[in-house]
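J.: Dropping a prediction and its sequence here:
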Amino acid sequence: MRHSWRWFGPRDLIRPEDIAQAGVQGVVSALHHVPNGRVWTPDAIAQRQAEVATASDGTPSGLEWEVVESLPVSEDIKKQKGEWRAHVAAYKTSLEHLAGAGIRVICYNFMPVLDWTRTDLRWRRPTGARTMRFDMADFAAFDIHLLQRKGAAQDFAPAVVEEAARRLAAMDDTARRALADAITMGLPGSTEAMDMGAVRDHLAEYGAISAERLRGHFIDFLSEVVPVAERLGLRLCCHPDDPPFPLLGLPRIMSTAGDYATVLGAVDSPANGMTLCSGSLGVRADNDLPAMMDRFGAKVHFLHLRNVTREADGSFFEDEHLEGETDMVALIAAVLREEARRRAQGREDCDIPMRPDHGQEIVDDLRRGGQPGYPLVGRLRGLAELRGVERALRVTGAYA
């Protein structure tokens, strides 16, 4: 695996030299300040490359920007409304510019409205560590009572609806705002977090879009951009839904092995691939992560390695990297088998880029106040644990 680290640019409290000390080979980043649907210009891309390559004292960091996460797909494209055709054209142009800058791996997602969803961004664990959590009752309180989505209560179990009412009654205005802000904050690093009004507007426009129709829109998008990516030698990799089940009455179309089989088969190209996120997919008990890696390995272009612990009502929290529901040792063994196959085939992309995804806030993270889910020390711990598993499997040959 090629170890990488996500960086949110100059406003990130973690500096390029901090990343270099983690011992990674490359950086994962994006132009978070560029509005969705706009072109990523060569100058903006070159500026981010220079920022990655330069330590805060002006000396070389020794790092390069190797993976884009994310080049966002606009809501207009997902809905096929408004300026969606212009946004597809802009996406193609951005791919041209990224290829010209030497960046080959582009992660994105096709989640409607809320790109990822948590109800608590800093949930305290018994150790004093803090982590991200999705609480089903809290989400129901938001959906039913704060957002007041029509028919929302029908989407939750009766016990969850009752608990949601109790939770709401116990919240003051500050707690209610914190819950709404956590849910609507948007992609990590994004400047496009939505308010309640914007969420309601999007939901109204998605009202007639079924899962089948949204999947059709996705395949239409891929039919446009994948040939461009293939011509340029790029590897597009779709991140799974997070969480991988319907929310707010919206369809989810990239949540299971069957979803990926459909979309990867519909536009069959080396450029049309998968970001295997063990945390997002691991929320579902029916997703076998090592088996998915064995099945889709040839088209896995990027890895997010993290772990979650599930709860009976659908709630979950981000656990330590080697804890939780996913057998991380078995998953890494499957990754190493795929890399061995690629070497035997002579593929250039035989080392799959991986990043330690998320992490619990521990030690100095608790005072740092950085990007939720992306602590320095917590990710260092996760990377060390994942690296140790990988090294042990390689040395012993136990993955074959």
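T.: Cool, the structure landed.
J.: Who are the contact partners of the residue nearest the centre of the chain?
T.: Most central in the chain under CA atoms, centre = their mean is residue 239, positioned 5.6 Å from the mean C-alpha point. Going by CB atoms under 8 Å, 6 or more residues apart in numbering, residue 239 touches 69-70, 107-109, 254, 275, 277, 280, 304. Where you see a C-beta, it was placed from the backbone N, CA and C, and this is true even at glycine.
J.: Adding pLDDT, neighbour count and distance to residue 371, write those residues out as a markdown table.
T.: Shown next, in a markdown table, are the contacts of residue 239 (pLDDT from 0 to 100; neighbours: other CB atoms under 10 Å; distance: CB to CB, whole Å):
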| residue | pLDDT | neighbour count | distance to residue 371 |
| --- | --- | --- | --- |
| 69 | 96 | 25 | 13 |
| 70 | 93 | 22 | 14 |
| 107 | 98 | 24 | 17 |
| 108 | 97 | 19 | 19 |
| 109 | 96 | 23 | 18 |
| 254 | 97 | 23 | 24 |
| 275 | 98 | 26 | 19 |
| 277 | 98 | 24 | 17 |
| 280 | 97 | 25 | 18 |
| 304 | 98 | 23 | 15 |
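J.: which of these lies closest to residue 162?
T.: Using CB to CB, residue 280 comes nearest to residue 162 of those, at 28.5 Å.
J.: Can you give the contact residues for stretch 257-275?
T.: Contacts for stretch 257-275 (CB under 8 Å, 6+ apart): 107, 215, 218-219, 222-223, 226-227, 229-230, 234-240, 253-254, 287-288, 291-292, 295-296, 299-304.
J.: Among these, which are located in strands?
T.: 107, 235-238, 300-304 (DSSP state E).
J.: Export those residues as CSV, with columns for distance to residue 33.
T.: Formatted as CSV, the ones in strands among the contacts of stretch 257-275 follow (distance: CB to CB, whole Å):
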residue, distance to residue 33
107, 18
235, 25
236, 22
237, 23
238, 23
300, 29
301, 25
302, 22
303, 26
304, 23
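J.: Using ChimeraX, make a named selection holding only the buried ones among those.
T.: Per 16 or more other CB atoms under 10 Å, the buried members of the ones in strands among the contacts of stretch 257-275 correspond to this ChimeraX selection:
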select :107,235,236,237,238,300,301,302,303,304
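J.: quick one: which of the ones in strands among the contacts of stretch 257-275 is nearest residue 201?
T.: Distance ranking of the ones in strands among the contacts of stretch 257-275 against residue 201, using CB to CB, places residue 238 first at 25.4 Å.
J.: What's the separation between the closest one and residue 84?
T.: Distance, residue 238 to residue 84, using CB to CB, to the nearest Å: 18 Å.
J.: now residue 329
T.: Using CB to CB, residue 329 is found at 43 Å from residue 84.
J.: The two: which is more packed in?
T.: The neighbour comparison of residue 329 against residue 84 (other CB atoms under 10 Å) goes to residue 84, with 20 against 16.
J.: For that one, give me its contacts.
T.: By CB under 8 Å, 6+ apart, the contact list for residue 84 reads 74, 76-77.
J.: Please enumerate the strands of the chain.
T.: Under DSSP E, the chain gives strands at 2-6, 26-29, 65-69, 105-108, 120-124, 130-134, 235-238, 272-277, 300-305, 307-310, 316-319, 353-356.
J.: which secondary element of the protein has the worst mean pLDDT?
T.: Using mean pLDDT, DSSP states H and E, helix 196-206 stands out as the lowest-scoring helix or strand of the chain, at a mean of 86.
J.: Show residues contacting that helix.
T.: Outside helix 196-206, the residues touching it (CB under 8 Å, 6+ apart) are 75, 79, 81, 112-114, 146-147, 149, 180, 184, 194, 248-250.
J.: Tell me the pLDDT of the residue nearest to the centre of the chain.
T.: We have a pLDDT of 98 for residue 239.
J.: Quick one: buried ones out of the contacts of helix 196-206?
T.: 75, 79, 112-114, 146-147, 149, 180, 184, 194, 248, 250.
J.: ok, now how distant is residue 344 from residue 337?
T.: Look at residue 344 and residue 337: by CB to CB, they are 11 Å apart.
J.: more crowded one of these two?
T.: Neighbour count, other CB under 10 Å: between residue 344 and residue 337, residue 337 has more, with 17 against 9.
J.: Name the residues of the least confident helix or strand of the chain that are buried.
T.: Buried residues in helix 196-206 (16+ other CB under 10 Å): 199, 202-203, 205-206.
J.: Dump those residues to TSV, plus distance to residue 379.
T.: Output for the buried residues of helix 196-206, formatted as TSV (distance: CB to CB, whole Å):
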residue	distance to residue 379
199	30
202	32
203	34
205	37
206	34
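J.: Specify which member of those residues is nearest to residue 374.
T.: residue 199 (23.8 Å).
J.: returning to what we had before: for the contacts of residue 239, which one is nearest residue 392?
T.: Closest to residue 392, out of all of the contacts of residue 239 and judged by CB to CB, is residue 304, at 21.1 Å.
J.: Report the separation between residue 278 and residue 294.
T.: Here residue 278 is placed at a distance of 14 Å from residue 294 (CB to CB).
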